[in-house]
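>>> here is my input, please return the structure:
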Amino acid sequence: EVQLVESGGGLVQAGGSLRLSCAASGFTFDDYAIGWFRQAPWKGREAVSCIASYDHRTYYTDSVKGRFTISSDNANNTVYLQMNNLKPEDTAVYYCNARHFYSSNSYWGQGTQVTVSS
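Numbers count the residues shown, from 1 in each chain. Take a look at the predicted model:
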């Protein structure tokens, strides 16, 4: 059974930090790009960051560059998103996604809430 389990969300003041974790199981981790998406109230889901698990190439959306860092622990099939200098506009439900490099296979976690107060 494929599972993506997110953790680490919470309430933090502006300027604070959180680290999200996405623990993956049930598929070959190295065959997937693992990404973080977020969805704020009344907005569409947007891609925040992703990492290619086999070579650790990364992507960041412009609004988080210099503040967020994605990393992958392949030994434990876990991807992290370190979020520093958080802003109120970062408030959203954050979802982990695994997308196969060569097929349409894609899996989602259940989401974790991040709330940044001003």
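>>> contacting residues for Thr115?
If a contact means CB atoms under 8 Å, 6 or more residues apart in numbering, then Thr115 has 10-12, 91 as its contacts. (C-beta placed from N, C-alpha, C; glycine too.)
>>> with Phe68 instead?
Under the criterion of CB under 8 Å, 6+ apart, the contact list for Phe68 reads 48-49, 60, 81-84.
>>> how about a cut-off of 7 Å?
48-49, 60, 81-83 (CB atoms under 7 Å, 6 or more residues apart in numbering).
>>> which residue lies nearest the spatial centre of this structure?
What sits nearest the mean C-alpha location of the chain, by CA atoms, centre = their mean, is Trp36, with 2.6 Å.
>>> that one is in contact with Leu81, isn't it?
Yes. Look at Trp36 against Leu81 with CB atoms under 7 Å: they come within range, at 5.0 Å.
>>> give me the common contacts of those two.
When contacts are counted by CB under 7 Å, 6+ apart, the set common to Trp36 and Leu81 consists of 20, 49, 70.
>>> and the closest residue to Gly8 other than its chain neighbours, bridged to which residues?
For Gly8, ignoring the flanking residues on the chain, the nearest one in space by CB to CB, 6 or more residues apart in numbering is Leu20 at 4.2 Å. When bridges are taken as DSSP bridges, the partners of Leu20 come out as Leu81.
>>> distance of Leu20 relative to Asp30?
21 Å (CB to CB, to the nearest Å).
>>> who's more crowded, these two?
The residue with more neighbours, out of Leu20 and Asp30 and counting by other CB atoms under 10 Å, is Leu20; that gives 23 against 13.
>>> my guess is the more buried one meets Gln113, correct?
No. Judged on CB under 7 Å, Leu20 makes no contact with Gln113 at a distance of 10.7 Å.
>>> in contact with Ser63, which residues?
Counting by CB under 7 Å, 6+ apart, there are no residues that Ser63 touches.
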